[in-house]
Each structure stands twice: as structure tokens, then as C-alpha cells.
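> Model the following, please.
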Amino acid sequence: MEPSSREMLAKIGRQLDANVFPHVFDNGVVMPSASDVTSSALGKETDDEQQRPRGSAAGSRKGAARWKGTPRRSRQAGASARISSGLLRTTYEAQVASLEKEYPASRVFPDDDGIWLQSESAVLSGLDYGATFLIALPFAPGAGPRAWGFWNDPRGPLWIGPRHTNFFDGSICAFSPGDNVWTEGGNLTSLIDLYTVWAFRHLYLEVMGRWPGRQYSLPPPNEVLNPYYRLAQCKDNELCGCGSLTSRYAECCKPRDLRSDFGRLAQEFVRRMGARLGDRKPPLAIADFASGQGALPSIRDVHNLMASTAPTSKQA
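Alright, predicted model coming up:
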């Protein structure tokens, strides 16, 4: 990574630690916010996440640059009002043209139950590779989007995860419905902006060795698992998984978590959730499509798979 890009990465990471959401420009370039005003909603990860260090450093991947110019327009993701169910199809389809202006490498694939979007983000100016997002947008109200992220590695797409991905299909966990930063029928550009910042956080994790920004533990009724969850996920120098805005894990919940029965809670996690904390990966059909070796699954199959594999997990 170029020194200037690493410096930019560090600056944005410091803002995320201070609960300041960055700006996202055309082509999915993340830049520092010019404002010092914090937001407790933007940039918040959901409770249904796992974190585990990736084996390779970000700088080890050298691919073709997706975009390396001066950003033209800045956007800041925000909340959007819930749309009535009958207008979801019309609303999404009407946004395709404007989305392609902000994310020119976007493609749309029709589905009987919605639309699939494939979009690319540069993530950071000067970076030699970017990220591709594969997003299922159902027309049925209440289903919500489901998306997967992949780094554009010249050797083949690399899934972005498992940290901050959903149980257990490895889909993106970039925000919680309670954050009110995006709702069904909302702006698709803002949705991909949120996914882009999620990918940026992964990049920061790979380069700097820690996750930037606020983190959260499991919600009710699984809060009894939180000591195990935090011990397995949180690094000492990250913000604590209890949701603290200021305290690092080592100085917050870790001393109390260490007094828990880790083994018993690990077994209880499997009993409640139906799989181990580390058992996350994209469905085979998603991975095959990303690598050009298969067709997209149906949106109905994607959501049915999620319902059958993680009946107790909260989804973004």
C-alpha cells in the first residue's frame, strides 16, 4: 500500500474510533469526514457478527486498480423512510440508472422475486484492488437485502469475512435495522456506501490489525453468551464489544469475561445457534457466481437458506 493511502486509511480509522462516519464518493472511494460531529447511528455494526483475523495482509494482493482519481461528489449515508410494500419493485428499478452513475461498474440481474445487484467499490484512493458486492434485493416486504463482499484479487475473488458477517451464510453485517440508516425502498447508492465503509473497516483490520469503530455484543435472548462472544471476537485495543464509545475491551468487559466458563458457553452457543462461531462462509452458489463458475441462485433460495441455517440469529 502506498504511504499516502496508508495515511488516509489511518485517519479514517481514527474518525471511526471517534464515532465519526466518513464520506463516500463516486466509485466507492472512502474519504475522511470534514465534520467533527459524531453520530451514534452511522457506521454501527449489528449484533450478529463474528470477528477473526484474516491470514494475509492487505498489501499482499496486487490487482488492477479499479479507480484512482479525484472524487467528484461526496455522499453521506442517512436514514430513509419505509416505503409501502407495493412500491418496492418500482422504487428499486427506478434507481438503477442513477446508481450506475455513482457506481459505474454496477450490473443488474432480474429475478422472479426481486433483483440482484453486482457493484464494485474502489474503497480507498490509490488502492490496487477494490471490492465487489453481490446484493439480493427482494420485492417482498420485510425480507430485506442480503449481500456478500469479495476482494478483487487477480488470483480470484476473496470473500470478505468472517468478521462482521451474519450467522451463518457469511453475508454482510454493515448496520442494524435499529440504526435507521437504511430501510427497504431506500436509496440504493446509500446502501452500497454503507457496504463500502464495511469493506473499508475490513481493510483497516488487515493493515492495522484491529477493527475500527464501535462494536456490539449479542442481543436478547442470547446475551448470556456475550462473555464468550467478546473473548472470541474483541481484541484488547479495540472498542469493547459491549458498545462502549470510549473504552477498549481490555479495560472494559474483558476482566469480567475472563471469569466466565468459556468452554461451557462455547457449547451453549452451538446449542442455541445451531453451529459454531467460526462456521461462516458464503453459500456455494454465491461463491461460484463470484468466481465466474456458476449462475446466481434465486433470491427466494437465498432467504430460505438463511432461515433454515440460523433461525435464532438477528439479521441486518
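> mind listing the strands for the stretch 1-150 of the chain?
Under the criterion DSSP state E, counting those that start in this stretch, the stretch 1-150 of the chain carries strands at the ranges 23-25, 29-31, 74-75, 107-111, 114-121, 131-138, 146-151.
> do you know which of those lies nearest Trp198?
Relative to Trp198, the nearest member of those by Cβ to Cβ is strand 146-151, separated by 7.1 Å. In short, each C-beta sits where N, CA and C put it, glycine included.
> Which strands or helices does the very next helix or strand once past that closest one pack on?
For strand 146-151, the following helix or strand on the C-terminal side (DSSP states H and E) is strand 158-159. Secondary-structure packing of strand 158-159 (3 or more Cβ pairs under 8 Å, 6 or more residues apart in numbering; DSSP states H and E): strand 146-151.
> What separation do you get for Gly294 and His303?
According to Cβ to Cβ, to the nearest Å, Gly294 and His303 sit 19 Å apart.
> which of the two has more neighbours?
Ranked by neighbour count (other Cβ atoms under 10 Å), Gly294 and His303 place His303 first, with 20 against 13.
> Next, the contact list for that one, please.
His303 sits next to 136, 138, 143, 146 when contact means Cβ atoms under 8 Å, 6 or more residues apart in numbering.
> can you rerun that using 7 Å?
For His303, the contact set (Cβ atoms under 7 Å, 6 or more residues apart in numbering) comprises 138, 143, 146.
> how many other residues sit next to Leu99?
When neighbours are counted by other Cβ under 10 Å, Leu99 registers 19.
> got it, and Val270?
Per other Cβ under 10 Å, the neighbour tally for Val270 reads 12.
> tell me which element it is part of?
helix 262-273.
> packing partners for that helix?
Helices and strands touching helix 262-273, by 3 or more Cβ pairs under 7 Å, 6 or more residues apart in numbering; DSSP states H and E, are helix 226-233.
> Neighbours of the nearest residue to Leu87 once chain neighbours are set aside, how many?
Residue nearest to Leu87 in three dimensions, not counting chain neighbours: Gly185, with 6.5 Å by Cβ to Cβ, 6 or more residues apart in numbering. Neighbours of Gly185 under the rule other Cβ under 10 Å: 21.
> Gly185 against Arg89, yeah?
No. Gly185 is not in contact with Arg89 according to Cβ atoms under 7 Å; the separation is 9.9 Å.
> Retrieve the pLDDT associated with Val108.
With respect to pLDDT, Val108 scores 94.
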